[in-house]
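Novice: following is a predicted model, sequence given first.
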Amino acid sequence: MLLRIDVITIFPEFFEVPLKLSLLGKAIREGLLGVFIHNLRDFAHDKHKTVDDTPYGGGPGMVMKCEPIFESVESLKDKNSLEHIILLSPGGKVLTQSKVKEMSTWKDFVLICGRYEGVDERVIDGLVTEELSIGDYVLSGGELPALVVIEAVSRMIPGVVGEWESVINDSLYNGLLSYPQYTKPAEFRGMKVPEVLLSGNHEEIRKWREKQAILRTLKKRPDLFERVKNERGIELDELEDLDL
């Protein structure tokens, strides 16, 4: 097993089907990564298995209690290094492909799925090593974000995707959106596949795809383009060489 992921949630059934399907399910079955789901209610000690309570100071909604979360994470100490304990939270840094690559090199990590109005702040102060968000919008809980993280990270593990070239050609793998893709037929309702892709000239195809990836990113996600340009130190004359 190249990577272990432990997920803490009050809805373990949420993960049952997705973790069995497609490349992710195959990778788990073949032992390339392990994903282990833990029911937070197993660590609540009252007869109702309560994991939330009203907030001090008043206000709407409920807050997830700190005791079950601490105990659930600490129960993993013999199986997980607990070096990376991640809370899926709108207050976290937005997940990027760069972060996904980093996480794929870890030995293990824990994902805590928040619910209700959030978690007791002492979980963040005394347990969590970092918070992650998948975007600036509201979901009912951290289960969908957890699946997004697992899916994205799994693709970076050698052997999960059959051809590694498929991974490195993904949008955002190198910071840019992917180039346009086409398949048969060569013409459909007057729309033709670019001639260069039919030419068989691999060098010209490579150049065309590189140019299109930059053009697409510049047009659709100028924020990404600026970030990549700055991170790589791309000079304007390099872009001019591509005849943009």
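Specialist: Received, thanks. Owing to the predicted nature of the structure, the values given are computational and were not obtained by experimental measurement. Numbering: from 1, shown residues only.
Novice: longest strand in the protein, by residue count?
Specialist: strand 85-94 (DSSP state E).
Novice: ok, then the element right after the worst-scoring helix or strand of the chain on mean pLDDT?
Specialist: For the chain, scoring each helix and strand by mean pLDDT, DSSP states H and E identifies helix 164-168 as the least confident one, at a mean of 49. For helix 164-168, the following helix or strand on the C-terminal side (DSSP states H and E) is strand 187-188.
Novice: partners of that following strand, with directions?
Specialist: Strand partners for strand 187-188, identified by DSSP bridges, are recorded as strand 191-192 (antiparallel).
Novice: three-state assignment of Val35?
Specialist: strand (DSSP: H, G, I helix; E, B strand; the rest coil).
Novice: helix, strand, or coil at the closest residue to it other than its chain neighbours?
Specialist: In space, Val35 comes closest to Ile5 once its chain neighbours are excluded; the distance is 4.8 Å by C-beta to C-beta, 6 or more residues apart in numbering. Placement of C-beta: from N, CA and C, glycine included. Classification of Ile5 using three-state DSSP returns strand.
Novice: ok, the residue nearest in space to the middle of the chain to Glu16 distance?
Specialist: Here the mean C-alpha position of the chain is nearest to the C-alpha of Val149 (C-alpha atoms, centre = their mean), at a distance of 3.0 Å. In this structure, Val149 lies at 17 Å from Glu16, with C-beta to C-beta, to the nearest Å as the measure.
Novice: quick one, what contacts the residue nearest to the centre of the chain?
Specialist: With contacts taken as C-beta atoms under 8 Å, 6 or more residues apart in numbering, Val149 has the following neighbours: Ile86, Leu88, Leu95, Val100, Met103, Leu111, Leu132, Ile134.
Novice: repeat that with 10 Å
Specialist: With C-beta atoms under 10 Å, 6 or more residues apart in numbering as the criterion, the residues that contact Val149 are 5, 7, 86, 88, 95, 99-100, 103, 109, 111, 132, 134, 142.
Novice: per-domain residue ranges of this protein.
Specialist: The chain resolves into domains spanning 4-154, 174-241 when parsed by automatic domain parsing.
Novice: surely Phe36 meets Ile5?
Specialist: Yes: the pair formed by Phe36 and Ile5 meets the contact definition of C-beta atoms under 10 Å, at 7.2 Å.
Novice: burial of Gly59, as a residue count?
Specialist: Using other C-beta atoms under 10 Å, the number of residues around Gly59 comes to 10.
Novice: wait, doesn't it sit right on Glu117?
Specialist: Yes: here Gly59 reaches Glu117: they are 7.5 Å apart, a contact under C-beta under 10 Å.
Novice: quick check: next helix or strand after the longest helix along the chain?
Specialist: Selection of the longest helix in the chain by residue count, based on DSSP state H, yields helix 202-220. Toward the C-terminal end, the helix or strand that comes next after helix 202-220 (DSSP H and E) is helix 222-232.
Novice: how close does the residue nearest to the centre of the chain get to Met64?
Specialist: Distance of Val149 to Met64, given as C-beta to C-beta: 19 Å.
Novice: kindly report the same for Gly34.
Specialist: For Gly34, the distance to Met64 (C-beta to C-beta) stands at 25 Å.
Novice: so between the two, which is more surrounded?
Specialist: Legend: neighbour count by other C-beta under 10 Å for Gly34 and Met64, higher for Met64 (22 against 15).
Novice: these two touch, right, that one and Phe43?
Specialist: No: because the distance of 11.7 Å does not satisfy C-beta under 10 Å, Met64 is recorded as not touching Phe43.
Novice: hang on, the earlier thing: how far out from the middle of the chain is the longest helix of the chain?
Specialist: Helix 202-220 has its C-alpha centroid displaced from the chain centroid by 25 Å (C-alpha atoms, centre = their mean, to the nearest Å).
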